[in-house]
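>>> Structural data only, the sequence is not supplied:
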Ligand SMILES: Nc1ncnc2c1ncn2[C@@H]1O[C@H](COP(=O)(O)OP(=O)(O)OP(=O)(O)O)[C@@H](O)[C@H]1O
């Protein structure tokens with residue numbers, strides 16, 4: 001698969017075994033180019049989060065394949081998947097999952113240090129620069145609890161960008177935010193796609209926000225039933 005495809009899935013399926021097997025995701029085909037901003041919509045329980053977890057290599061499909069930057073991920077070990085996630089994918093969740101006892105700066109710096117490509121001083125400079133780009137420079141030394149919900153979510157976005165990932169996956173990132181702040185967070189994602197060429201996939205219930213994406217994928221019962 002060519003490298004200009006950032007992310008692709010074919011026949012992606014996730015079944016949960018058990019006395020009554022449950023199919024979370026059914027035969028999803030998907031191709032996302034660099035710089036594309038895609039919204040994933042669908043009713044509650046339609047499999048949006050499950051699909052995002054498969055695409056983010058946080059869960060393995062029971063059938064089908066995910067290619068990340070042209071690489072078939074099906075044969076990778078758990079350690080290899082973890083390495084791909086750390087280096088190539090930025091995650092943003094509804095709850096920010098910032099480490100409460102660390103400053104915002106440290107929260108962004110930690111994944112940079114984990115990847116180990118930059119020395120400590122350069123890692124700190126990069127973390128500070130990411131916070132400044134999201135207009136959070138003056139809050140770098142604060143604890144997450146000292147920030148508003150929208151600011152915390154922007155710190156989480158800065159953290160997702162720590163290792164300069166070509167792919168950003170966000171699961172209901174605006175679920176806890178008021179509509180104005182939610183629109184700002186979506187504007188940030190749009191900028192990351194348009195200006196920085198990253199591929200951004202965002203799960204959202206908010207159809208108004210979803211309409212601001214380049215494309216929309218609609219799921220019902222784990223299947224793609226609509227694309228725009
Ligand atoms: N580990 C699990 N065991 C049993 N059922 C599960 C499990 N994980 C998810 N499900 C069920 O699978 C379906 C899909 O869940 P998923 O969270 O992917 O949907 P969603 O579209 O993201 O929902 P929401 O919008 O409410 O977050 C739901 O019916 C959910 O209850």
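Noted; the coordinates are in hand. Bear in mind that the values here come from a model prediction, so they are computed numbers and not experimental data.

>>> Pull the distance from the helix or strand hosting residue 25 to the chain's centre.
In the assignment (DSSP states H and E), residue 25 maps to strand 22-32. Offset of strand 22-32 from its chain centre (CA atoms, centre = their mean, to the nearest Å): 17 Å.

>>> Quickly check: that strand near the ligand or not.
Yes: part of strand 22-32 sits near the ligand under the criterion CB under 6 Å from any ligand atom, namely 22, 24. From N, CA and C alone the C-beta is placed, and that goes for glycine too.

>>> Can you name the element that comes right after that strand?
Using DSSP H and E, the helix or strand that follows strand 22-32 in sequence is strand 37-41.

>>> ok, that following strand near the ligand or not?
No: judged by CB under 6 Å from any ligand atom, strand 37-41 stays clear of the ligand, getting no closer than 8.5 Å.

>>> cool, and stretch 49-66?
Yes: judged by CB under 6 Å from any ligand atom, stretch 49-66 and the ligand are in contact via 49-50.

>>> What lies in contact with that stretch?
7-15, 24-25, 27-28, 30, 40, 68, 72-74, 76, 81, 84-85, 89, 91, 169, 171-172, 201, 203, 219, 222 (CB atoms under 8 Å, 6 or more residues apart in numbering).

>>> ok, what's across the strand from the residue sitting nearest the centre point of the chain?
For the chain, the residue nearest the mean C-alpha position is residue 169 (1.6 Å; CA atoms, centre = their mean). Beta bridges link residue 169 to residue 91, residue 201 when assigned by DSSP bridges.

>>> In this structure it contacts residue 93, no?
No: contact criterion CB atoms under 8 Å: residue 169 and residue 93 do not qualify, at 9.4 Å.

>>> all strands of the chain, in order?
Using DSSP state E, the strands of the chain run over 7-16, 22-32, 37-41, 63-68, 71-72, 89-92, 167-171, 199-203, 215-220, 223-227.

>>> Return the residues in contact with residue 94.
171-173, 175-176.

>>> in stretch 107-116, what counts as buried?
Neighbour-count burial for stretch 107-116, with 16 or more other CB atoms under 10 Å as criterion, is recorded at 107-109, 111-113.

>>> One more: stretch 132-152?
Of the residues in stretch 132-152, those buried by neighbour count under the rule 16+ other CB under 10 Å are 133-134, 136, 139-140, 143-144, 147, 150-152.
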